[in-house]
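Trainee: With the input below, show me the fold.
(3 chains)
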Amino acid sequence: MSNAVNDIAIVGYAQSPSWRASDLTEPQFLFPVISEAIERAGVERREIGFTCAGSCDYLSGQTFAFVMNLEAVGAWPPISESHVEMDGAWALYEAWVRLQHGDIDTALAFGSGKSSPGVPAEIYPLQMDPYTITPLGADPVSLAALQARAMLDAGKITEREMAEVAARSRKVAVGNPYAQVAGEFDVDELLASPYVTAPLRKHDLPPISDGACAIVLATAEKAKALSDRPVWIRGIDHRIEAHQPGMRDLLSSESTRIAGERAGVGDAKVDVAELSATFSHQEKLLTEALVLEDSVDVNPSGGALAANPVMAVGLARFAEAARAIAERGAHRAVAHATSGQALQQNMVAVLEGD
Amino acid sequence: MSKAEPTEAVDPNAPVTGMDYFMQLDYHELVCPSVRRYRSALIDGKLIGHRCPKCKLVYVPPRGYCPIDTIETTDADEVQLVDRGVIANYTVVTPVQYYGQEETEPFVRVSVILDEPGGTMSLQDVVDIPVDDVHIGQRVEAVWLPPEERDISEIGNRSWGSADGAITGWKLTGEPDVPPDQVPGSAF
Amino acid sequence: MAEQRDTTTHTIEFPYTRTLGAVYSGFLTGLRDGQLLGITSKDGRVLCPPTEWDPTTGDALDVDLVEVGPGGVVETWAWVTEPTRKHPLDRPFAFALIKLDGADTALLHAVDAGSLDAMSTGMRVTARFKDRADRIGHIADIAFIPESGKGEGS
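Mentor: Residues are numbered from 1 along each chain as shown, chains lettered A, B, ... in the order given. From the prediction side, this is the model:
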């Protein structure tokens, strides 16, 4: 059952390619992405009722980076805008909530990030509990590896299955112009490569990416006026778990399960699921939590293993799910975004064409 | 006094009430093409910017877009700027001795609005102007380092329009002040 | 002359001093004094690392600290082949979730096991405390090592 008071649709979307290291500034590569999303939506930039951005100044290590990103939006005459220090998917959620009031009919949400200048393994420990975890420098790969080890020990996955997810993701990414790591990889060769942080090997990890994504939302009447193929957000929800990894169940993604139920994933057949499985073992945790059947096309874009523009990668799953519906004939899709380490916080949305 | 060492407990048996953490992150960023162009012009003793074809605002260094009109700007919009203008704004900073602070005496940062075609140089230093004498309306010109001493390798994407390594600061031209009501109001 | 793909380097650094509050003060003072402590929740579970609020119910917790460990069981682990400069050890080591004896939750910490082959889920480890003179009341006052003579837990 849809949990929306007012039906909201995606009427425009755009992404940058993901690059290992862009020599453009974040506003510079964000600029054409926002322009393209707005143009696709067919709205006038200055008529957009609300703008929300998702980004994290720590990524590029620049104070007020998120303020400078507004130069890519155009904030004169003054606009109504907000910012979340989170993936653009949460900016979309805030925009969706804002549109529920009914007094405005369009909103712009975007996410952007430059992961290339910094050292992610050193940056992200600063997000963790400052007394017990940050001083140990516990990094995202180590925390994900703890989760993978638990799954292996419980017989929920094998290293081969993890490599197969990685190989499949990068193979389908060949067809995605925005993907960064794409190509054919032999699973046995992947398994012969050394551990980075056991049990994770390089192929189990996401790439380091710079990139951006933007989406334009509209309320029902406006959406129908703007587009022949609006992509409806039938349900959207997000849930968070405890912070300490030792106080969580790493073998299941309970927050994803609840968010998926609240968003109505199980109400009808799902054609496509774009999931922010940043590490290869996480895909299975997510498909199980969402109770997705084997027939679902998971990550036809290649997902986060093919391109991981942190702060935009979750929103890009919305864009890819919308793309599957608007351009490739899918009817109903799931988009998933995540935040924190080892799937601590998860957002699930159900998108549907007419 | 810069605080670089962790605090020590005086009584080794008293409860621990604080935890020190020295955070340190390094970032290595590729310099974007428009700033590379800007800083290589500084080596040649030139200031360049982009002028928006629509609103005519001049951005120095060039950004590759006009944020007011939200249109891209390109090499075709490049303008060579004049290295003299008027102090339009300033602030006197009294340094607080936090970690990393190198200044000990009050210092000034000025915004200079350049003569036609325009452009605003922000957060600039002054040369041979006592801090207490700085005021809006003063006519100033750039003091360049000798060509062989110029080094722009520290100028990057986040330099906020700095010309460090090429221009030392701005000195009085000797011309009469511009009356304050004729100085364009601008900081950036 | 500027090269085509120049970079600039920026360092952000600052020395923070954080106040601890009663719970973390108790926990870190315990480490300085050679003890591992957990906190008792309203329903009698012992949480280690201690938290100020019960993560399940949200209840504010009384500062009721009890000793746990120093030994415990590895519930899951990850072998770090190339430590970063932020890691607690400068040689390969394991991060692990360790359920200390007497605790109902697991503590994230480092196991100085020497090699990947020495690690296994279910193994017992024990806290190795730095010399008293080097302990300041900090999570890195300890690291864990395999409990001598013990293999995988039964």
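Trainee: Neighbours of the nearest residue to residue C:53 once chain neighbours are set aside, how many?
Mentor: Using CB to CB, 6 or more residues apart in numbering or on different chains and skipping residues adjacent in sequence, the residue nearest residue C:53 is residue C:60, 5.7 Å away. Backbone N, C-alpha and C define where each C-beta goes, glycine included. Close neighbours of residue C:60, defined as other CB atoms under 10 Å in any protein chain shown, add up to 9.
Trainee: my read: residue C:60 touches residue C:51, true?
Mentor: No - in this structure, residue C:60 is not within contact of residue C:51 by CB atoms under 8 Å, at 10.3 Å.
Trainee: Point out the residues in the stretch 51-200 of chain A that sit beside chain B.
Mentor: Contact residues, the stretch 51-200 of chain A versus chain B (CB under 8 Å from any CB of the partner chain): A:58, A:60-62, A:70-76, A:114, A:116-119, A:122-123, A:126, A:130-131, A:134-135.
Trainee: Quick check: helices, which of the residues you listed are part of them?
Mentor: Among these, DSSP state H puts A:58, A:60, A:122-123 in helices.
Trainee: Check the spacing between residue B:40 and residue B:177 real quick.
Mentor: Distance, residue B:40 to residue B:177, by CB to CB, to the nearest Å: 34 Å.
Trainee: What is the burial count for residue 25?
Mentor: No chain in the question, so chain A it is. 29.
Trainee: was after chain C, sorry
Mentor: Neighbour count of residue C:25, defined by other CB under 10 Å: 19.
Trainee: Mind telling me what element it is part of?
Mentor: Element membership for residue C:25, per DSSP states H and E: helix C:21-32.
Trainee: That helix - what's its average pLDDT?
Mentor: For helix C:21-32, mean pLDDT rounds to 97.
Trainee: continuing past that helix, what's the next helix or strand?
Mentor: Taking DSSP H and E, what comes next after helix C:21-32 is strand C:36-40.
Trainee: Would you mind listing what in chain C touches chain B?
Mentor: C:1-2, C:4-20, C:24-26, C:28-29, C:32, C:136-138.
Trainee: so of those, which ones are in strands?
Mentor: C:7-19 (DSSP state E).
Trainee: which residues of the chain fall in strands?
Mentor: Picking chain A for this. According to DSSP E, the strands that chain A contains are A:8-15, A:50-54, A:81-84, A:106-114, A:195-198, A:200-201, A:210-219, A:231-240, A:272-274, A:297-298, A:332-339, A:345-352.
Trainee: To clarify, I was referring to chain B.
Mentor: Secondary structure of chain B by DSSP E: the strands cover B:18-30, B:47-51, B:58-59, B:65-66, B:71-72, B:78-81, B:84-93, B:107-114, B:120-124, B:139-144, B:167-172.
Trainee: so which of the ones you listed gets nearest chain C?
Mentor: strand B:18-30 (4.0 Å; CB to the nearest CB).
Trainee: report the angle between the axes of the closest one and helix C:21-32?
Mentor: With axes from the mean of the first three to the mean of the last three CA atoms, to 10 degrees as the basis, strand B:18-30 and helix C:21-32 are set at 90 degrees to each other.
Trainee: Would you state the helices of the stretch 151-300 of chain A in chain order?
Mentor: For the stretch 151-300 of chain A, applying DSSP state H, counting those that start in this stretch gives helices covering A:159-172, A:187-191, A:220-226, A:254-263, A:282-289.
Trainee: buried sites along the second one?
Mentor: Think helix A:187-191. The neighbour-count check on helix A:187-191 (16 or more other CB atoms under 10 Å in any protein chain shown) flags A:187, A:190 as buried.
Trainee: can you check the first one too?
Mentor: Judged by neighbour count using 16+ other CB under 10 Å, the buried positions of helix A:159-172 are A:159, A:161-163, A:165-170, A:172.
Trainee: cool, and the fourth one?
Mentor: By neighbour count, with 16+ other CB under 10 Å as the criterion, the buried positions of helix A:254-263 are A:255-263.
Trainee: so which of these comes closest to chain C?
Mentor: Nearest to chain C out of the buried residues of helix A:254-263 is residue A:255 (CB to the nearest CB; 13.3 Å).
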